[in-house]
Structure formats: structure tokens, C-alpha cells
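1. how would this look folded up:
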Amino acid sequence: MMKKKFKLNIRTEAKIVTALVGIFFLIAFSERKQSGVVCKNIVVELENTRENHFIDEADILQIIESSGETMIGKSIDRINLRSLEKRLEGDKHISKAEIFGDVKGNVTVNVKLRRPIARLIRDNGPDAYIAEDGKVMRTSEKYSSRILLITGRKAADLIEQGDILKSDFGVQIMDMIEFIQDDIFWKAQVAQLDINEGGKIFIYPQVTGQLVEFGKPENIETKFRKLMIFYKEILPQRGWTKYERVNVEYEGQVIAE
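-> From the prediction side, this is the model:
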């Protein structure tokens, strides 16, 4: 029995070694075949275009051209593909870029775009978008995304950060945005968050007319639960136009006036 097991192990190891040699041979062959292949065509592949139309194929090619790197007519193995990837990823609309060539002379530029989840509006400068990873992206004349609006003094501060996750307050705002995005009702109902200088939030709803005094972005789930009680139990009994504002800021209270 011991001899059979020993022979079986030798055979298995031999098969593994043979397979590895074959893989190394194919890699070496592929590298030799690609060596000296001239770039004849640039193929741009954009992911997440349904959520982000801010840049297109022409913009990607322009970023590549602005690097000063000549691609068409140049050997692919002489093109600094990693440097071009980093340059593309320097654009805030782009989360990931991968560039690779094939033996036919095609260089594929695969670009993953960031998805905007809120728009930051300020009075004294251009607006911006918050992406799903917290990065702040510039707006574009090509496309305007219909998403949650954020206004007020703090909106300008978040734009200046460049990444809202860099501050504790920014993390709280992101938590609130994600809570709204993940709930079908609140995503449809909450149109705008206005944040004053002290960090207190006022919600402007889509349907009902009451201004919602939310307070700071703390105990988010509890406050939205109280607001839902106001919508479901109080407004149907008292009338949808009776109150101008509702306050859910304080623990254990819903104040309507």
C-alpha cells in the first residue's frame, strides 16, 4: 500500500510540473508574440454609463492625448500603460482604469465611472456631485443627473474637501444619503437637504408641503421613523395642509406647527 501511494504521489507531482511548464511556455510564447506589435487601434470601453454620462469616449481619448504619450504607430511594449492608467484615474469621474494590448495591435482602455448619488449646490462657485465612494466630482455640460440636492453653507465646505469621507461630518452626511437611497419611499420623497452653518439639516420633501427640521445627521433611522409616523398617522387625521413645518430633532418628540 505504501508503494502504491508513493507512486501515485510521484505521478501527481509529475503532472503538476508538466502543467506548470506548459503554462510558462504559453506565457513566454505570448510575450514574444506581443513584443514589437504596433498599436493600430484604441478601443475605449466605458462601464456604469447608465449612472454617469458626464464623460464619453472622446473625453477619454483627450485625456490620453494630453499626456503626450503617442500610441498609434508605436510598439505596445514601449507605451507606458501604467502611467496612462494613473492619469485617467486622476479624473474624479473615473474610479478605475485598465489598459492592455493584444497581438492584433488593439489597445483596450477599460474605464469604470463613478456613480453620482447627490448634487452639492453653492452660491459662490460651481456645483459638484458626490459619488458613491464619497469623492466629489465636477459637473458637466453634457449631462445633469436627477438626484438628491444638497444646499447650504456646509455644502460648499463638502465641495472643498474633495472627498466627504475625510471628515466626521461628511461621513454622517454620507450615512444619511445612503439611508435615503436604500429606502424606496424616502428616495422618492426627499428632494433636498439644506445644511446650515451649524450642521443642522432641513429637508424639503417632494410631495408634502411641510419643511422638516431634522437637526444634525445623528440617530438617522430613529428620526425618519418619527417622520413616517407623522406622515401616516397625523397628517391623514389633521389634514395635509394644516402644518407648515415638522420637527423630529429632539428625542421622543414630533413637533408640528
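2. all strands of this protein, in order?
-> Counting by DSSP state E, the chain has strands at residues 41-47, 94-101, 106-113, 116-120, 128-131, 136-138, 148-151, 190-195, 201-205, 211-215, 245-247, 255-256.
3. what's the fourth one packed up against?
-> Identification of packing neighbours for strand 116-120 by 3 or more CB pairs under 8 Å, 6 or more residues apart in numbering; DSSP states H and E yields strand 128-131, strand 148-151, helix 153-161, helix 168-182. No exception for glycine: its C-beta is placed from N, CA and C like everyone else's.
4. that strand vs helix 168-182, what angle?
-> In terms of direction (axes from the mean of the first three to the mean of the last three CA atoms, to 10 degrees), strand 116-120 departs from helix 168-182 by 120 degrees.
5. could I get the CA-only coordinates of strand 116-120 as PDB?
-> Extracted C-alpha coordinates of strand 116-120, given in PDB (Å, rounded to 0.1, in the frame of the first residue of the first chain):
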ATOM      1  CA  PRO A 116     -23.300  60.200  -8.500                       C
ATOM      2  CA  ILE A 117     -25.700  60.000  -5.600                       C
ATOM      3  CA  ALA A 118     -26.200  63.600  -4.600                       C
ATOM      4  CA  ARG A 119     -25.600  67.100  -6.100                       C
ATOM      5  CA  LEU A 120     -23.900  69.800  -4.000                       C
END
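6. which outside residues touch that strand?
-> 51-52, 54, 127-132, 136-137, 139, 145, 147-150, 155-156, 158-159, 177-178, 181 (CB atoms under 8 Å, 6 or more residues apart in numbering).
7. derive a PyMOL selection command for the buried subset of these.
-> Per 16 or more other CB atoms under 10 Å, the buried members of the contacts of strand 116-120 correspond to this PyMOL selection:
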select buried, resi 51+52+54+127+128+129+130+131+132+136+137+139+145+147+148+149+150+155+156+158+159+177+181
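8. nice, that's everything, thank you.
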